[in-house]
Structure formats: structure tokens, C-alpha cells
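>>> quick check, what structure comes out for this input:
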Amino acid sequence: QFLLGAGKAGFVVLGAVVLVITGGEALYADMGHFGRKPIRVAWYGLVCPALLINYFGQGAWLLSHPSAKENPFYNLAPSWALYPMVVIATSAAIIASQALISGAYSLTMQAIQLGYCPRMRIDHTSSETRGQIYMPQLNWALMLACIGLVLGFRSSSGLTAAYGVAVTFTMLTTTILFYFAARRLWNWPRWAAGLLCGFFVIIEGILCTANLLKIAHGGWFPLVVAAVVFTLMSTWKTGRRVLGERLRSSFIPLPLFLEDVERTAPIRVPGTAVFLSSNADATPLALLHNLKHNRVLHKNVIFLTIQTEDVPHVRAENQLQLEQLREGFHRVVARYGFMEDPNVPEILDRCRPLGLELDLMNTTFFLSRETIIASKAPGMAIWREKLFAYLSRNAQRPTDFFRIPPNRVVELGMQVEM
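Okay, here's the model as predicted:
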């Protein structure tokens, strides 16, 4: 009714009014840390009533004092309470930004585990609470981006336009993703998912349309950021797939390799060697290169594969699978959720009760390190191959990401043309 009566002016007003609801989005940025129930309790028990009282109070103040439209929030309080109100508002902004920062940590960690982002340093800040993490690279990037935004826009109006576009498009995207989750994960009928999501799409579509008017006034910035992040993530994901296809041509099935070892009987040296591989059924390339150049095998060889499942957490009893392939050869498959952090020494230590005899002091970890060479071969555009090569060079080393003791690691390099 408001839109029909106000016409074009209604769209302009909606573009500003949408900022009233954007604060609620910050609540869900920390969903991965606190869970659904605490956020619901905080919303219904404190946040929602406080927001309603405040906004109704501002509306009542404006109705009775039309001339005081510049700062209704601060005009609600007496003059002596102005500075305490500034402190409260600033504290609220700091708390909201902290929710955004920690939410960015959680989302980036999940993207890394799902293969959409290069490995980054992840520091766990609590030994008791799962999910309390700190990512220094991301933290510095956010700081520089915030400083650049303030210096670039120089006023709150431009930031307001950028914020409105970012949040409304995020809401619309979330509703669309919810539809696919309801259909594919929860097996909702098409009519039920469409009816619920269609209701929100209409509302959010109107809000997005209203905020399109702000694109020229600062709303372009979140769209550019989204395009850059999407390009980086899609390039990394596609690059890893193409790299896997290139390496797959050199793979030797593990049973075939074991038969060849039994037939040729290479020299076995004391100690244990752990070979990390992304494919549990293929012979690790690091093992093939080690055998080719050094012509020896360790007495005990462990093939370790770490798999990331499409669930946040994997139950402890389902995480590890230990299998003895031949005398002196074991295969370990460790399954983790995308909210979990793999730890190779911990994995091997948990294999002891399953029958794996292991002395970490006499264990050597072998890793393969690929050097990406951009080429004109089919796969990706040349500029994306160069971007993928740059991301690969700057990704965190596997030894740090998987917490492998660096003084017990041997890396064998190879060049791969994309």
C-alpha cells in the first residue's frame, strides 16, 4: 500500500528505511561460533524488543518534534546523557564489527576446507571452545579495506549506500540458497519451498530494486568486491580440478604399485614414511619420485588421505579408517567436516589404539609440491592460469596447515603445465 500510494518516492524511502533491518544481519554472522539457539534467545529476549522500542520512540519523537529530524536517536536523550549515548553507540558498532570479523573467519575456514580458497594460517585461540579462531592474513586485509573505505568515501552517505546494497543482495541470495537447501537436503516439495521462499523473494526483490538507485552513489563497491571474490574462489576451485586432471594422468593405482613392489623387492630402510595423498586409491606422486631417485622404501609406509565432508562436523567414531594393505603398508583415511581443522600428528596418534605402531621421532613425512606453469592447453583462460599459479605460490604450506613437524618433512617438487 505504501509503494502504491507513494510511487517513485516510495522506492527512494525504502532504500533508506532498509537500513533499519540491516543490523539484524550482524546477529547471524556469528552463527558458526554460537549456534542457532543462543542467537534466537538473544534476538527474541533482548535485541528485537530493544530495537522496536527504540524505533517506535524515534517515530514518536519525530511526530511530536518534526523540526528535530537530523539526529532523532541522540535527541531522545537529555543533554547530560549525550556523551554516554555516544559511548553506547560506538560500543555497539565495535561489537557488530567483531561479529563480522569472526564471521569472516568462520566462512573463510569453511571455504578453505571445501576447496574454494587457498590455505591460510589459522590460529586457534581456545583449547576448550571449538571454532574460536584467528586468521592474521584475513584480519589485516579487513583492516586495510576498512581504512580504504573510510578514506575513499569520506562521508557516511556513500558507506550507507554500499551497506544497503550489500545487505539486501545478501538477503536475496540467502533466500535463493535456502530454496535449494530445502529441496535437495531436506526434500521439501517444490510447492512448499517455492511458497515460503517466494514470499521473501518478493519483499527482498523490492528492497534490492530500491537499492539499485544507490549503485552510482557508492552501491557499486560491494558489487565489485563480490565479483572479485567470486573470481578468486571460482579460479581456485577450477584450477584445483584442472590440476587434479593433469596429475591423474601420472597416477598409478595403489594395488598395482604394491604388486610391483612385491615383485621388484626394493631396498627397505628402517623407519616410517608417511605419504600424504588426495586420492586414497592412487599411489602418491611423492612416493613414486622418492622411489625413482633414491631407490629405497622405508620399512613402514603409511598412505594418509584427508577428506573434507559436506557436513560441519564428523563424529569421532567415523573420522578414522585404518587398513593394512600389505606387510609394512597401511592406509589411513581421515574424514573431517568443513568446520574442523585437520591435525596430522593427532590423526596418527589416534591410530595407535587401532593397531598402528608408530614412533613420530623416527617418522618422515613426504609431500609433493607442484609448481604451476601457465600454458595454452585446454582448461582455463591464460589469465586465470596465471592467477591460479599466483594463489598457489602464496597459499600456506601444507606442513603448517596440517601441523606437521617441519623438521621431519621432505618435499619433492614437480612442474605441472596447466
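
>>> what sits against residue 400?
121, 406 (CB atoms under 8 Å, 6 or more residues apart in numbering). All C-beta spots, glycine's among them, are computed from the backbone N, C-alpha and C.

>>> that one is in what secondary structure piece?
helix 398-401 (DSSP states H and E).

>>> now residue 224
helix 220-248.

>>> check which helices and strands that helix is in contact with.
When contacts are defined as 3 or more CB pairs under 8 Å, 6 or more residues apart in numbering; DSSP states H and E, helix 220-248 packs onto helix 156-184, strand 363-373, helix 382-394, strand 409-417.

>>> and of these, who's closest to residue 314?
helix 156-184 (19.6 Å; CB to CB).

>>> in the closest one, what's buried?
Across helix 156-184, burial judged by 16 or more other CB atoms under 10 Å covers 158-169, 171-172, 175, 179, 182-183.

>>> taking helix 220-248 as reference, get the angle to it.
Angle, helix 156-184 to helix 220-248, by axes from the mean of the first three to the mean of the last three CA atoms, to 10 degrees: 40 degrees.

>>> show me what helix 156-184 is packed against.
Packed next to helix 156-184, using 3+ CB pairs under 8 Å, 6+ apart, are helix 8-17, helix 19-28, helix 136-153, helix 190-211, helix 220-248.

>>> what's the average pLDDT for it?
Average pLDDT, helix 156-184: 88.

>>> touching, residue 375 and residue 389? I think so.
No: the criterion here is CB atoms under 8 Å, and residue 375 misses it with residue 389 at 10.6 Å.

>>> residues in contact with stretch 340-350: which ones?
Applying CB under 8 Å, 6+ apart, the contact partners of stretch 340-350 are 109, 113, 122, 124, 133, 274, 276, 302, 304, 306, 312-314, 319-320, 332, 334, 336, 356, 358, 360, 363, 365, 401-405.

>>> distance from the chain centre to it, please.
21 Å (CA atoms, centre = their mean, to the nearest Å).

>>> buried residues, that stretch. List them.
Here stretch 340-350 shows 340-345, 347-348, 350 as buried, counting by 16+ other CB under 10 Å.

>>> for this structure, what's the longest helix?
Criterion DSSP state H: the longest helix present in the chain is helix 82-113.

>>> helix or strand right after that one?
Following helix 82-113 in sequence, per DSSP H and E, is strand 123-124.

>>> next one, pLDDT for residue 1 please.
We note a pLDDT of 67 for residue 1 in this prediction.

>>> next: residue 22.
63.

>>> same deal with residue 360?
pLDDT at residue 360 comes out at 81.

>>> need the nearest residue in space to it, chain neighbours excluded.
In this structure, residue 360 finds its nearest non-sequential neighbour in residue 345, 6.4 Å apart by CB to CB, 6 or more residues apart in numbering.
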